[in-house]
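# Just need the structure, nothing else, for what follows:
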Amino acid sequence: MTTIQDIADKLNISKGTVSKALNNAPDISETLQKQILETAVELGYTKLRRYKNARRRLCIIVQRDNIQYKEPHHFAYDIVMGFRQMAEPAGYEVEIAPVDIHVQEKVSYDVFMLQNDYSGAFALGFSLNEPWMKDFQTSRTPVVLYDNHIVGNPNTAYVGIDNAEGMELAIAYLKDLGHEKIAYLSSALGSHIMQVRYRAFFQAMEHHGLYADDSWAGCSYFLSECMEKHLPRFLDMGMTAIICCQDTFATAAITQCKQLGFRIPEDISIIGFDDIPVCPYTDPPLTSVRQDRIELGKSGYYALNSLMNQVSIGTLLLHAQLIRRESSGPAPEL
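Okay, the predicted model is just below:
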């Protein structure tokens with residue numbers, strides 16, 4: 001087990017200097033502290049192992065530019081609540097740690113965790129190009145990622161719903177309603193989960209014997225471009241149903257279709273993904289693939305607790321559920 005003396009010997013500095021740096025003393029320069037913390041991580045030092053009465057602290061790391069969590073109607077609010085419902089009765093302090101790319105560029109994930117005495121993290125809202133996504137490939141501090149998958153690092157796990165199952169449910173439902181021309185509308189494929197859902201759409205279409213090629217999907221970083229470019233193209237192609245990557249895209253598609261004179265669902269059916277709280281109150285109420293976000297939060301704790309106890313969970317997927325509402329109906333007779 002690595003000691004403070006080991007770190008001091010590695011850097012040829014005093015044990016007291018190392019101790020000060022590990023405890024954020026103000027008389028240690030930022031450059032030296034960074035060097036000491038990085039060396040501590042390299043050697044596998046963990047402050048929490050050094051003291052019998054050390055606080056048991058976990059964090060939920062939120063990429064604040066990508067996901068909202070503070071209010072009950074925010075997507076990640078219930079995920080956070082579910083995690084806390086499991087972690088706090090087990091004796092852990094849980095802190096929310098909002099970060100952005102600037103924080104990630106300034107300090108590595110392992111150093112951040114060591115600085116703050118966190119023994120593990122649940123990470124929400126990370127896109128594929130973020131600095132810490134690279135850190136997670138070799139990190140030593142346990143981390144569970146929501147809707148992200150790291151290959152080959154036993155200190156990481158992935159939790160989410162079975163998106164392939166969710167897409168299968170949606171396609172099977174539409175096929176039973178007589179739909180054959182089904183399109184897929186998506187945001188840009190810059191996140192793991194958007195890539196998973198994109199592939200799942202084509203796999204489900206093939207599985208159910210339905211034709212689809214690349215032109216049957218439209219992807220854009222900007223919601224407005226999807227509504228102004230891809231959605232009219234789908235309508236011109238005679239699509240009778242559209243599955244959207246997220247409920248926000250689906251609600252926008254409903255509004256745009258109605259403005260173009262199409263009736264929902266008589267002329268075109270629309271299905272979303274995630275079943276956010278607003279779905280029952282759209283006009284018409286939105287059919288959506290549900291993620292049970294409380295259960296996802298609980299699963300995040302379960303996976304993290306397993307990692308911290310050297311049980312190397314890789315992937316934990318919850319079953320998807322299709323919530324049928326009035327935005328979907330039988331295919332129109334042509």
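# where does the stretch 201-334 of the chain have low pLDDT?
For the stretch 201-334 of the chain, the stretches flagged by pLDDT under 70 are 334.
# Buried ones in the helix or strand containing residue 20, by neighbour count?
Using DSSP states H and E, the element containing residue 20 is helix 15-22. Across helix 15-22, burial judged by 16 or more other C-beta atoms under 10 Å covers 17, 18, 20, 21, 22. The way it works is simple: take the backbone N, C-alpha and C, and place the C-beta from them, glycine included.
# Can you lay out those as CSV showing distance to residue 208 and pLDDT?
Converted to CSV, the buried residues of helix 15-22 look like this (distance: C-beta to C-beta, whole Å; pLDDT from 0 to 100):
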residue, distance to residue 208, pLDDT
17, 65, 84
18, 61, 80
20, 64, 79
21, 59, 79
22, 57, 78
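# Quick check: the two most widely separated of these?
Pairwise distances across the buried residues of helix 15-22 (C-beta to C-beta) peak at 9.8 Å, for the pair 17 and 22.
# What pLDDT is listed against the nearest residue to residue 69 once chain neighbours are set aside?
Nearest non-adjacent residue to residue 69, counting by C-beta to C-beta, 6 or more residues apart in numbering: residue 76, 3.8 Å away. With respect to pLDDT, residue 76 scores 94.
# can you list the residues that contact the helix holding residue 20?
With C-beta atoms under 8 Å, 6 or more residues apart in numbering as the test, helix 15-22 has contacts from 4-5, 7-8, 11, 27-28, 32-33, 36-37, 40, 47, 114.
# Report the distance from that helix to the chain centre.
Centroid displacement of helix 15-22 relative to its chain, using C-alpha atoms, centre = their mean, to the nearest Å, is 36 Å.
# same thing with stretch 169-182?
From the chain centre to the centre of stretch 169-182 is a distance of 27 Å (C-alpha atoms, centre = their mean).
# Can you tell me the SS state at residue 74?
Here residue 74 is recorded as coil under DSSP: H, G, I helix; E, B strand; the rest coil.
# Tell me where this protein has helices.
With DSSP state H as the criterion, the chain has helices at 4-11, 15-22, 30-43, 77-87, 101-106, 109-115, 131-135, 163-176, 192-207, 223-225, 231-236, 247-259, 293-308.
# can you tell which of these is closest to residue 278?
Per C-beta to C-beta, nearest to residue 278 of the helices of the chain: helix 247-259, 7.1 Å.
# Tell me who's in contact with the residue nearest to residue 318 when sequence neighbours are not counted.
Spatial nearest neighbour of residue 318, excluding adjacent residues (C-beta to C-beta, 6+ apart): residue 161 at 4.9 Å. Residues in contact with residue 161 (C-beta under 8 Å, 6+ apart) are 289, 291, 292, 296, 317, 318, 319, 320.
# quick one: pLDDT of residue 161?
We have a pLDDT of 96 for residue 161.
# Distance of it relative to residue 288?
Using C-beta to C-beta, to the nearest Å, residue 161 is found at 12 Å from residue 288.
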